[in-house]
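> everything below, folded, please.
(one chain, ligands or ions: 2)
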Amino acid sequence: MARINTDVCVIGAGAGGLSVAAGAAQMGARVVLVEGGRMGGDCLNYGCVPSKALLAAAKHAQAMREGARFGITPVEPEVDYAAAMEHVARTIAAIAPHDSQERFEGLGVKVIREWGRFLSPRELQAGPHVIRARRFVIATGSSPLIPPIPGLDGVPYLTNETLFDLRERPRHLIVIGGGPIGLEMAQAHRRLGAAVTVIEGMKALGREDPECGAIVLDRLRREGVEIAEHIPAEAVRLTEDGGVEVIGADGRRFAGSHLLVAVGRKANIEGLDLERAGVAHDGVIRVDRGLRTTNRRIYAIGDVAGGPMFTHVAGYHASVVIRSMLFALPSRARQEHLPWAIYTDPELAQVGLAEAQARARHGDRIEVVRVSYAQNDRAMAEGRTEGLIKVVVHRGRPVGVSIAGAQAGELASLWALAIAARLRMSHVAGMVAPYPTTMELGKRAAGAYFSPRLFDSSVVRRAVRLVQRLIP
Ligand SMILES: Cc1cc2nc3c(=O)[nH]c(=O)nc-3n(C[C@H](O)[C@H](O)[C@H](O)COP(=O)(O)OP(=O)(O)OC[C@H]3O[C@@H](n4cnc5c(N)ncnc54)[C@H](O)[C@@H]3O)c2cc1C
Ligand SMILES: NC(=O)c1ccc[n+]([C@@H]2O[C@H](COP(=O)([O-])OP(=O)(O)OC[C@H]3O[C@@H](n4cnc5c(N)ncnc54)[C@H](O)[C@@H]3O)[C@@H](O)[C@H]2O)c1
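Ligands and ions are numbered 1, 2, ... in the order given. Down below sits the predicted model:
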């Protein structure tokens, strides 16, 4: 057994763990990073990067079908699915050096490629090493949740960990789960030429603002994705032709050639022996607002800590714990300014509270401003007028923004900054955005908030008349 003493031991080299390790090492702490699987974690290897790369290939295919309005003869593209998946693999390979063992060793981090498990409140075993650290950061992420659906264990099924290994296009992809993973992969496969059926137990995109979610679902359906809602998958069986059949709770049957299971995530806590470390969990690791676990020397960040499961949230958590661990400064993780996006086409983005949540919190004291993409010149020029931005305002400040439409994820950043910095709608209205950009939608929404106050106000009109009489 090799014993190692260190300042910080990070468990998991995904989005959260890598950010902690890089930051802490570059600021002078001794850092040990323990990773049992692939460097880069879910986002690089099985999540964000491959899914966005496949969606990009699918977008190209779709553009070829939709050229007519621009005077380009539409064609049904010949799709080489294996080549599209090679694009996915190349994208991962191009980004991988940034997350590699070599790069982190170059930053001064000791990288141990083993699975870690706690021996005591201050010690972790990783293969032949026992690591004693002043502070631990658990950043072990999450894995696909496999529901106990009868028959599922008897059929071949895909998850996000195996989907990107396919080289032969599914003839008919059946997806259980109408959340972000299910719908991004449904649209990608439909556009690449597969038949696709999504079976959703409740409402597809059920966590999103319903008005914005409907815009995305409507588009997917028009592209030919079958989305069956309010039908929990109750059984699965092999068909005679070697495919799969999913039987819904209402008795409906959905047959296809391949099955993707995308019904949510489970935190990676098995095998960590958290009890030995005094770290409490209830499916996810329990943390306080400073991301400390019930053992104050141990933090948990990213997917394993529950809450919104996104790469940028794991990165944000890293900055919170670095401040606390390295500088012993009070540090709290905020929630109200966090953005996320779903990269279907059109995209769907959310920052802060959706309208229903804002109403539950602030009652009728909120105002909701809506601007359609059809009011944006750039969107018109590009034929991308389907879309909506909704800004929820409380006492002159934006508290939530929902966007469905082209580049919604890009547009969300402005509002993430506005909400984080507690800016007022007047700040956004005063911003000068380059013309013609879709970003102008944000400014337009702020303008729409002030329009009735300025144009329908007798006080303003009287003031203007008075000034006009007085000035020479
Ligand atoms: C298909 C898909 C698409 C996604 N798309 C997006 C997107 O577009 N944008 C976005 O923001 N988010 C997206 N996400 C979510 C994003 O991938 C996660 O939120 C993010 O990866 C979480 O980072 P993390 O550091 O918490 O965990 P991970 O990145 O999962 O890293 C955890 C690491 O810990 C390692 N590990 C686990 N247990 C141990 C142990 N005992 N010892 C040592 N190592 C261990 C694992 O091997 C893994 O490498 C997507 C997820 C999926 C599945
Ligand atoms: N663009 C992004 O940022 C992005 C993309 C993909 C995933 N992610 C992250 O990964 C997380 C997990 O995504 P996900 O889509 O797997 O999970 P999810 O929990 O968001 O959605 C799963 C869906 O499956 C449904 N479901 C559950 N059991 C079912 C059953 N038996 N039959 C039919 N439907 C059933 C649920 O009602 C739910 O709508 C997301 O919440 C997100 O944090 C992010």
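> so who does the residue nearest the centre of the chain touch?
The residue lying closest to the centre of the chain (C-alpha atoms, centre = their mean) is residue 310, at 4.4 Å. Counting by C-beta atoms under 8 Å, 6 or more residues apart in numbering, residue 310 touches 338, 340. Where C-beta positions appear, they are placed from N, C-alpha and C, glycine not excepted.
> and it, what pLDDT?
pLDDT, residue 310: 98.
> confirm that residue 28 sits in a helix.
No. The assignment for residue 28, made by DSSP: H, G, I helix; E, B strand; the rest coil, is coil rather than a helix.
> show me the contacts for it.
residue 326.
> follow-up on the earlier one: from ligand 1, how far out is the residue nearest to the centre of the chain?
To ligand 1, residue 310 is 3 Å away according to C-beta to the nearest ligand atom, to the nearest Å.
> so what pLDDT did residue 464 get?
pLDDT, read off for residue 464, is 88.
> quick check: it vs residue 448, distance?
21 Å (C-beta to C-beta, to the nearest Å).
> who has more neighbours, these two?
residue 448 (17 against 12; other C-beta atoms under 10 Å).
> ok, that one touching residue 367?
No. Using C-beta atoms under 8 Å, residue 448 makes no contact with residue 367, being 10.1 Å away.
> what residues does the stretch 51-200 of the chain put near ligand 2?
147, 149, 176, 177, 178, 179, 180, 181, 182, 184, 199, 200 (C-beta under 6 Å from any ligand atom).
> quick check: the farthest pair among those?
149 and 184 (21.8 Å; C-beta to C-beta).
> looking at those two, which is more packed in?
Legend: neighbour count by other C-beta under 10 Å for residue 149 and residue 184, higher for residue 184 (22 against 19).
> does the host helix or strand of residue 25 reach ligand 1?
Per DSSP states H and E, residue 25 falls inside helix 15-26. Yes. Interface with ligand 1: helix 15-26 contributes 15, 16, 17 (C-beta under 6 Å from any ligand atom).
> residue contacts, the closest residue to ligand 2 within the stretch 1-150 of the chain?
Closest approach between the stretch 1-150 of the chain and ligand 2, counting by C-beta to the nearest ligand atom: residue 147, at 5.0 Å. When contacts are counted by C-beta under 8 Å, 6+ apart, residue 147 touches 176, 233, 261, 263.
> work out for me the element the closest residue to ligand 2 within the stretch 351-472 of the chain sits within.
In the stretch 351-472 of the chain, the residue that lies nearest ligand 2 is residue 409 (8.0 Å; C-beta to the nearest ligand atom). Assigned by DSSP H and E, residue 409 falls within helix 408-420.
> what of residue 251?
If you go by DSSP H and E, residue 251 is not part of any helix or strand.
> what number of residues lie near it?
Residue 251: 8 neighbours (other C-beta under 10 Å).
> separation between it and ligand 1?
30 Å.
> and residue 470, how many neighbours?
Residue 470: 7 neighbours (other C-beta under 10 Å).
> and what of residue 431?
Counted with other C-beta under 10 Å, residue 431 comes out at 15.
> contacts only, for it.
Taking C-beta under 8 Å, 6+ apart as the test, what residue 431 contacts is 414, 442, 443, 446.
> let's see 10 Å
Residues in contact with residue 431 (C-beta atoms under 10 Å, 6 or more residues apart in numbering) are 414, 418, 423, 439, 440, 442, 443, 446.
> ok, now residue 84?
Here residue 84 is in contact with 53, 54, 56, 57, 58, 60, 61, 167, 169, 188, 192, 193 (criterion: C-beta under 10 Å, 6+ apart).
> how much space between it and residue 194?
Taken as C-beta to C-beta, the span from residue 84 to residue 194 is 11 Å.
> what touches both of those two?
169, 188.
> which non-adjacent residue is nearest the closest residue to ligand 1 within the stretch 151-300 of the chain?
Using C-beta to the nearest ligand atom, the single residue of the stretch 151-300 of the chain nearest to ligand 1 is residue 160, 3.8 Å away. Excluding the flanking residues, the one nearest residue 160 by C-beta to C-beta, 6 or more residues apart in numbering is residue 46, at 5.0 Å.
> check that neighbour and give its pLDDT.
pLDDT, residue 46: 98.
> what is the mean pLDDT for the one helix or strand residue 197 maps to?
Here residue 197 sits within strand 195-199, counting by DSSP H and E. The average pLDDT within strand 195-199 is 98.
> what's it packed up against?
Applying 3 or more C-beta pairs under 10 Å, 6 or more residues apart in numbering; DSSP states H and E, we find strand 195-199 packed against strand 172-176, helix 180-191, helix 210-222, strand 226-228, strand 244-248, strand 253-256, strand 258-261.
> hey, what's the angle from it to helix 210-222? Just curious.
Angle between the axes of strand 195-199 and helix 210-222 is 150 degrees (criterion: axes from the mean of the first three to the mean of the last three C-alpha atoms, to 10 degrees).
> tell me the strands beside strand 195-199, with direction?
Here strand 195-199 has these sheet partners by DSSP bridges: strand 172-176 (parallel), strand 226-228 (parallel).
> helix/strand/coil for residue 348?
Residue 348 - assigned by three-state DSSP - is strand.
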